[in-house]
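Asks: build the 3D model from these lines:
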Amino acid sequence: MMDRLVRQMAKNEGVTEQLKSDDWLCWLQKINSIRSRVEEIVLHDLIYSF
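Replies: Residues are numbered from 1 along each chain as shown. This next block holds a predicted model:
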């Protein structure tokens, strides 16, 4: 679930392999932000909703 959501959000926000090769620090910041948001979504859906 997390992998799928990370891929979808990265695609929607334009975080691509091209960005990774051009500006890896910016890419890393964006991916970390996406992962944090996805983790919150997954935790909310799977744990907090019970």
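
Asks: which residue ranges of this protein form helices?
Replies: Taking DSSP state H, the helices of the chain run over residues 2-12, 17-22, 24-43.

Asks: export those to TSV and tack on mean pLDDT, mean neighbour count and distance to S49?
Replies: Placement of C-beta: from N, CA and C, glycine included. TSV is the format used below for the helices of the chain (pLDDT from 0 to 100; neighbours: other CB atoms under 10 Å; distance: least, CB to CB, whole Å):
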stretch	mean pLDDT	mean neighbour count	distance to S49
helix 2-12	97	13	16
helix 17-22	97	11	34
helix 24-43	97	13	10
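
Asks: so who does the spatially closest residue to C26 that is not a sequence neighbour touch?
Replies: Spatial nearest neighbour of C26, chain neighbours left out: L19 (6.5 Å); criterion: CB to CB, 6 or more residues apart in numbering. Taking CB atoms under 8 Å, 6 or more residues apart in numbering, we find L19 in contact with C26, W27, K30.

Asks: again, 10 Å this time
Replies: A10, E13, C26, W27, K30, I31 (CB atoms under 10 Å, 6 or more residues apart in numbering).

Asks: this completes my enquiry, with thanks.
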